[in-house]
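Asks: The following block contains a protein sequence and its predicted model.
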Amino acid sequence: MTAQTKPDSAEIEIRDLSKVFGQGAAAFRALSEINLQIRTGEFFTLLGPSGCGKTTLLRVIAGFEQPSTGSLRINGKEVAGLGPNARPVNTVFQNYALFPHMTVAQNIGFGLKMQGKPRAEVEATTAEMLSLVKMEAMAERRPSEISGGQQQRVALARALAPRPRVLLLDEPLSALDLKLRKEMQSELKRLQTETGITFIFVTHDQEEALTMSDRIAVMSAGKILQLGSPHEIYHAPSERFVADFIGDTNFLDMAVKAVNGTVAEVTLPGGKPGTARLPEGFLPVLGETVTTVIRPEQVQMVDAGQGDMDAVVDNAVFFGTDTNVHLRLDDGQGFVLRRQNSAETIEPDAGTRMGLRLSPGALRVLKG
Amino acid sequence: MFNRNFSVRRLPGFGAIAIFTFVILYLPIVILVVFSFNSGLSQARWEGFSLQWYEAAFNNRQVRDVSIRSLWLALVASGLATVLATLAALGTTRVSRFPGRTMIYALINQPLMVPEIVTGIALLIFVAAIKVQTGYTGMGYLIAAHTAFCIPFAYLPIRARLETMDITLESAAADLYASHWQAFRYITLPLLVPGIVAGFMLGFVISLDTVVITEFVKSAGQDTLPTYMLGQLRRTVTPEMNAIATLFLALSLCIVTAFFLITRKRGA
């Protein structure tokens, strides 16, 4: 088994897909006009708050729900209308859903047995999967006799055993404690690289999404708001929701003076001129106020009057590696700055007046 | 008013009431068992230990016949009832909501609500009409009546088990390429066994016990043990009845113990 990432080939292709639950006045649109291509061999994450539709989308891909409209292709084959047992896709459930009356080995071999594979092959693959997730010693135990982290591994092995084209993971780490979760994150990444199977991972944990994914789709209210690499999602959020949901963010309102290609010339709070990058395909109206975004770590403290903006310190919150300095800009807008700490750094006092220097290119205009 | 630290254990007289209740419940049974070993005819005066009434019961051909009839009737009726109840439970818990589902619950549980005597008389009239039309007077009527009567007792524990079962297990089976039938065969059914066993045991005991239904439906020569004993008691009460009752008590204790052991082992 080797990783076989082919950037151009679409493992899953979703076109104009929507899902409506209920009818008439009680109808609820869980997914609307989803268009998505997931590449072969990538670690793809659906990220969003609860109720955003990410789990519904996963269930539609798995076949537990059928789309109301639109098409869903897996490896080029239309699967809308097929049941979960007719799709080359396996799921790791949030609660693991291990069969309590079977041993660990029987759980892992179940999919192969249902596919009608010969007994010798079932046993060989089960043994291989047990060693892949390092659970050889637990083969004859029941799920109730192993720990949560071990159950997690068994659930993974069970879903990987039939060698699906795509593995779906529905918040599989949410039931684990922090330390185990970190361990399983790298374990998942290792398994994905070793097997070369396309992973679709659902989570509401932005940090988890950023660490593990090749690409992330940020979802809200049944729609995909932004699709991109973790780097793009973090550094170039296109919408306020995305910027707000991922990481800490400063939102600043300011007027646009001129547009120069992909860059807008703006008036910063306090009156100095500045530049902000424009999102693709967005042209602001000159003279109007736009919302811009800048991450707290992309700002440096300088002497008052020396930076792009001036601000007064409200308070400073120390948390080990960093300190968050909460400030108030001259026009009254709040602002947070993150400074990395060393043994020498001291916290600024409340009321101190200081200048802020924005990292070049860090300020971005949001679409809405 | 009860305060926060209210505990039923500290209620004055709780222990005494508990003991009194147990005495009321079990003393008559203990007396029945004790006098089944009495060497005399009396139900009130102990005259020495003897197994003669057990011997009499074993040698009584009629007792043997009605006992066997009771047992196989209970076995067949509760078996059929369990199969039907399992299907009904699957139909009311594993199928998407349909109009009239609550109505179906009520209909399935009808024998629990309607007084037994009403069911008995209704069956008497119904069965009599069929007997006249067809001339058939076999055990079919008793089997049908007992089966119908046992269904709700089998249905309730099976449905309870299905409702508490994690439905994602069946989703997981389907995800792992199991067909509907395979998911049922390998996942739902094995996990349902404790419920099915409980339903079967309950149905068995109910069928073994019912007097009213049997009395109204049976044809000549179709006495079950309860209706036979009722008939005997109208004449004289001998400790032979105590002996038969004691044997049945032992049988039901065995069933309950077996049930307990089976569900404890399988109910993961």
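Replies: That came through, no problem.
Asks: Give me the buried positions along the longest helix along chain B.
Replies: Longest helix in chain B by number of residues, with DSSP state H as the criterion: helix B:61-93. The neighbour-count check on helix B:61-93 (16 or more other Cβ atoms under 10 Å in any protein chain shown) flags B:63, B:66-67, B:69-71, B:73-74, B:76-82, B:84-86, B:88-90, B:92-93 as buried. Quick note: C-beta positions are derived from backbone N, CA and C, even for glycine.
Asks: cool, and stretch A:308-327?
Replies: By neighbour count on 16+ other Cβ under 10 Å, the buried set for stretch A:308-327 is A:308, A:309, A:310, A:311, A:313, A:316, A:323, A:324, A:325, A:326, A:327.
Asks: Endpoints of that stretch, how far apart?
Replies: The straight-line separation of the ends of stretch A:308-327 (Cα to Cα, to the nearest Å) is 14 Å.
Asks: Contacts for that stretch, please.
Replies: When contacts are defined by Cβ atoms under 8 Å, 6 or more residues apart in numbering or on different chains, stretch A:308-327 is touched by residues A:248, A:268-270, A:272, A:274, A:296-297, A:301, A:304, A:328-330, A:334-341, A:345, A:347-358.
Asks: Give me the buried subset of those residues.
Replies: Buried, going by 16+ other Cβ under 10 Å: A:268-270, A:274, A:296-297, A:301, A:329, A:335-339, A:348, A:354-356, A:358, out of the contacts of stretch A:308-327.
Asks: So which of these reach chain B?
Replies: Among the buried ones among the contacts of stretch A:308-327, no residue is within reach of chain B (Cβ under 8 Å from any Cβ of the partner chain).
Asks: Please flag which of these sit within strands.
Replies: A:274, A:301, A:329, A:335, A:336, A:337, A:338, A:339, A:354, A:355, A:356, A:358 (DSSP state E).
Asks: Kindly indicate which of those residues lies nearest residue A:125.
Replies: Set against residue A:125, the nearest of these by Cβ to Cβ is residue A:338 (48.4 Å).
Asks: and the nearest residue to the closest one once chain neighbours are set aside, what does it touch?
Replies: Leaving aside its sequence neighbours, residue A:338 sits nearest to residue A:296 (Cβ to Cβ, 6 or more residues apart in numbering or on different chains; 3.9 Å). The neighbours of residue A:296, taking Cβ under 8 Å, 6+ apart as the test, are A:248, A:249, A:250, A:324, A:336, A:337, A:338.
Asks: what about the first one, distance to residue B:136?
Replies: Per Cβ to Cβ, to the nearest Å, residue A:248 is found 84 Å from residue B:136.
Asks: Same question for the second one.
Replies: Summarising the geometry, the distance separating residue A:249 from residue B:136, computed by Cβ to Cβ, is 84 Å.
Asks: So if I had to pick from those two, which one is more boxed in?
Replies: A direct count of neighbours by other Cβ atoms under 10 Å in any protein chain shown for residue A:249 and residue B:136 places residue A:249 higher, at 18 against 10.
Asks: Now do the contacts for that one.
Replies: By Cβ under 8 Å, 6+ apart, the contact set of residue A:249 is A:237, A:243, A:293, A:294, A:295, A:296.
Asks: repeat that for 6 Å
Replies: A:243, A:293 (Cβ atoms under 6 Å, 6 or more residues apart in numbering or on different chains).
Asks: Does residue A:73 belong to a helix, a strand or coil?
Replies: Judged by DSSP: H, G, I helix; E, B strand; the rest coil, the three-state class of residue A:73 is strand.
Asks: For it, give me the pLDDT.
Replies: As predicted, residue A:73 sits at a pLDDT of 92.
Asks: Hmm, residue A:122 and residue A:109 touching each other?
Replies: Yes. Assessed by Cβ atoms under 6 Å, residue A:109 is found in contact with residue A:122 at 4.6 Å.
Asks: Which one's more surrounded, the two?
Replies: Legend: neighbour count by other Cβ under 10 Å for residue A:109 and residue A:122, higher for residue A:109 (28 against 21).
Asks: Now do the helix or strand hosting residue A:293 against strand A:353-358: the angle between them, please.
Replies: If you go by DSSP states H and E, residue A:293 is part of strand A:289-294. Angle, strand A:289-294 to strand A:353-358, by axes from the mean of the first three to the mean of the last three Cα atoms, to 10 degrees: 90 degrees.
Asks: Quick one: residues contacting residue 158.
Replies: No chain specified, so I'll use chain A. Residue A:158 makes contact with A:107, A:108, according to Cβ under 6 Å, 6+ apart.
Asks: wait, I meant chain B there
Replies: By Cβ under 6 Å, 6+ apart, the neighbours of residue B:158 are B:85, B:86, B:89, B:195, B:196, B:199.
Asks: Perfect, I'm done here.
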